[in-house]
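Trainee: Provided below for reference: sequence and predicted model.
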Amino acid sequence: MLLPKLPLLPTLEISPVPEQIFLGTIKGLLSFVINLSLLDSSLILLIVLLVHANPSTRQKATVLLGVLLLVFGLEVSFVNVYALLCSWLSPSTTLEPLTVVIMGILNGVTPIITDSILLLHIVIDRMEHSKSHIRLAMTMAPPVLLKFGRLGNAAIYIVACAGFVLNSVTSGDGVPDMDILDAARVRSMEIACALQIIDNSYHLVVYYLTAFEQRRKAMLSHARSETSTTPSGLVAILLASGGNILLPILLSTTQLAVSRHWPDSDIPQHVEQIKVIVNVAGAATTSLVAVLHRWNPKRMLAAAEAEAAALARQVVVDATETTALLGDQSGSHLKRKMSKERRVGEENA
């Protein structure tokens, strides 16, 4: 079957600076990972900080880790946008083999990370309303197992590319066998698409069940959990699930179908790049909403605790003043009684 011709776009000259920045960042990270002594020292320091630090420090470390993941995800998205622009607007611009291989690895791993972040928010929302932790664990076991399967599939492709990537980073003279790597990438991509379709479909079912269960409870109690990241309105539910789950399912299905019909085309790779951008945007938006929803209740809780402490102090002060007043009244009454008894005794005498 012949591939339909797409309309030609105007050609432009695109600077290679974004690719150079991307490769510089990746080489720095890989050099850090290859240096085992530096990596071990950093991991030990991080573990010590997380274990022995106070809750405020642990919270700041968690926020910092989230920010670093967000920055890395945005960089992956930007380099995918750059690759798409090069292929559409500047066909004469060719990416380096190392860039193509590393982008293939990152584009295989990034959807797993973003789907794991979305699953984490779903689990947090269900934990707040679940009556049985065993039932919750059984419900969330299939997507967790599917993610391990997706990681195993990505690991096979990473092992196939590891020799070329390490030689390119350490000595700079790595020469890839692109035929073998392209065959491994296509096979890994097709398996990843199939597993992601199944995984996201299960996410969709759990998401709708969580959303409508919270909506029903909110209608019955006339209140909604302020820390929930799942929207309550029907339109908001459809929009949120569409951007985070439905669109990746549609893109994965398209990518798998095009790869089957036109294996030599670049369209599956372009669809994969678009899917990564959508996944990063969805996970970043959901995480931002989660932070805002959980930050406002904390401020409200802190204000309520301060008000309760002030009320408690006022109650203690009032109780002390009342006790003192009652003590004064009791003392005056006792003095009057003793004086009366003394007068009666004198009269009898």
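Mentor: Structure received.

Trainee: only C-alpha atoms for contact and neighbour calcs from this point on.
Mentor: Noted.

Trainee: Against residue 127, how distant is the closest residue in space to residue 123 that isn't next to it in sequence?
Mentor: Nearest non-adjacent residue to residue 123, counting by CA to CA, 6 or more residues apart in numbering: residue 140, 7.6 Å away. To residue 127, residue 140 is 11 Å away according to CA to CA, to the nearest Å.

Trainee: of the two, who's got more company?
Mentor: With neighbours defined as other CA atoms under 10 Å, residue 140 and residue 127 compare such that residue 140 has more, 18 against 14.

Trainee: Distance check, that one against residue 147.
Mentor: Residue 140 is 11 Å from residue 147, by CA to CA.

Trainee: Please work out which residues outside stretch 246-262 touch it.
Mentor: 1-3, 186, 190, 193-194, 196-197, 200-201, 204, 265, 267-269, 271-272, 275, 278-279 (CA atoms under 8 Å, 6 or more residues apart in numbering).

Trainee: Can you give me the buried ones in it?
Mentor: Using 16 or more other CA atoms under 10 Å as the test for burial, stretch 246-262 gives 246-249, 251-256, 258-259.

Trainee: Which residues are in contact with residue 109?
Mentor: 151, 154.

Trainee: for the record, mean pLDDT for whichever strand or helix holds it?
Mentor: Assessed by DSSP states H and E, residue 109 sits inside helix 97-127. The average pLDDT within helix 97-127 is 84.

Trainee: Stretch 180-192 too?
Mentor: The pLDDT scores in stretch 180-192 average 87.

Trainee: tell me which residues in it are buried?
Mentor: Counting neighbours by 16+ other CA under 10 Å, one finds that the buried residues in stretch 180-192 are 181, 184-186, 188-192.

Trainee: In helices only, show me those.
Mentor: Within the buried residues of stretch 180-192, residues falling in helices by DSSP state H are 181, 184-186, 188-192.

Trainee: how about a markdown table for these, with distance to residue 90 added?
Mentor: Shown next, in a markdown table, are these (distance: CA to CA, whole Å):
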| residue | distance to residue 90 |
| --- | --- |
| 181 | 24 |
| 184 | 27 |
| 185 | 24 |
| 186 | 24 |
| 188 | 28 |
| 189 | 25 |
| 190 | 28 |
| 191 | 31 |
| 192 | 29 |
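
Trainee: List the buried residues in the helix holding residue 109.
Mentor: Buried, per 16+ other CA under 10 Å, within helix 97-127: 97-99, 101-105, 107-119, 121-123, 125-126.

Trainee: Which other helices and strands does the helix or strand containing residue 134 contact?
Mentor: For residue 134, the host element (DSSP H and E) is helix 133-170. When contacts are defined as 3 or more CA pairs under 8 Å, 6 or more residues apart in numbering; DSSP states H and E, helix 133-170 packs onto helix 17-34, helix 97-127, helix 178-221.

Trainee: who touches the first one?
Mentor: Residues outside helix 17-34 that contact it (CA under 8 Å, 6+ apart) are 38-39, 75, 79, 82, 95, 99, 169-170.

Trainee: shouldn't residue 241 be in contact with residue 204?
Mentor: Yes - using CA atoms under 8 Å, residue 241 is in contact with residue 204, at 7.1 Å.

Trainee: Is residue 93 part of a helix or strand, or is it coil?
Mentor: Using DSSP: H, G, I helix; E, B strand; the rest coil, the secondary structure recorded for residue 93 is coil.

Trainee: Need phi/psi at it.
Mentor: Dihedral angles of residue 93 (phi, psi; degrees, to the nearest 10) stand at phi -80, psi 120.

Trainee: hey, which helix or strand in the protein has the poorest pLDDT?
Mentor: Scoring the helices and strands of the chain by mean pLDDT, DSSP states H and E places helix 234-241 at the bottom, with a mean of 65.

Trainee: where does residue 18 sit relative to residue 186, distance-wise?
Mentor: Using CA to CA, one obtains 26 Å as the distance from residue 18 to residue 186.

Trainee: With residue 254 instead?
Mentor: To residue 186, residue 254 is 14 Å away according to CA to CA.

Trainee: Same check on residue 249?
Mentor: Residue 249 is 18 Å from residue 186, by CA to CA.

Trainee: ok, the closest residue to residue 274 other than its chain neighbours - contacts?
Mentor: Nearest in space to residue 274, with sequence neighbours left out and distances taken as CA to CA, 6+ apart, is residue 80 at 7.6 Å. Residue 80 sits next to 103, 273-274, 277 when contact means CA under 8 Å, 6+ apart.
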